[in-house]
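Colleague: from the sequence below, what's the structure:
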Amino acid sequence: MSCCVKYLIAASIISVVIPGMASEPAGFVEGHLTIISPKEVQLADGKTPAMTAGNFRTALPPGDYVLDVQGRARGHVRAKPQRFTIVSNHTVRVDMDIDTGVR
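Modeller: Next comes the predicted model:
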């Protein structure tokens, strides 16, 4: 099981599809990632994680994006890709739940 969690943590690194660079001032995306596992998991070092959620914030050039889990195997890690648009000098909030698929 710990091998699965280690893979999940590596796969939980989000990918954002970035359009061509713009000359307009950047906007921001911020949000909350929650990793959901109905079954208790244990990390490779033998410790049970104290927290399975995290906040993020980053600047991006204006444009349309998709927030998704990178490298997820079909049927294992479940997350709904979130589409969003960045506008100069504005912040958009995007939250994502990631289901580990561990039952």
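
Colleague: contacts only, for residue 62.
Modeller: 22, 24, 26, 27, 86, 87, 88 (C-beta atoms under 8 Å, 6 or more residues apart in numbering). (C-beta placed from N, C-alpha, C; glycine too.)

Colleague: so residue 83 lies in a helix, does it not?
Modeller: No: assessed with DSSP: H, G, I helix; E, B strand; the rest coil, residue 83 is strand; it does not lie in a helix.

Colleague: run through the bridge partners of it.
Modeller: residue 66 (DSSP bridges).

Colleague: the contacts of residue 62: which two are farthest apart?
Modeller: Of all pairs drawn from the contacts of residue 62, the greatest distance, 10.9 Å, lies between 22 and 87 (C-beta to C-beta).

Colleague: picking up where we left off before, from the contacts of residue 62, which single one is nearest residue 95?
Modeller: Out of the contacts of residue 62, the member with the shortest distance to residue 95 (by C-beta to C-beta) is residue 86, at 16.1 Å.

Colleague: state the pLDDT value of the closest residue to the closest one other than its chain neighbours.
Modeller: Leaving aside its chain neighbours, residue 86 sits nearest to residue 27 (4.0 Å; criterion: C-beta to C-beta, 6 or more residues apart in numbering). Per-residue pLDDT puts residue 27 at 97.

Colleague: and what of the one 10 residues further on?
Modeller: At residue 37, the pLDDT value in this model is 73.

Colleague: what distance do you get for it to residue 69?
Modeller: 14 Å (C-beta to C-beta, to the nearest Å).

Colleague: cool, residue 84 as well?
Modeller: Residue 84 sits at a distance of 15 Å from residue 69 (criterion: C-beta to C-beta).

Colleague: tell me the helices and strands packed up against the helix or strand where residue 68 lies.
Modeller: Residue 68 belongs to strand 63-69 when elements are defined using DSSP states H and E. If contacts are counted by 3 or more C-beta pairs under 8 Å, 6 or more residues apart in numbering; DSSP states H and E, strand 63-69 sits against strand 14-16, strand 27-36, strand 82-86.
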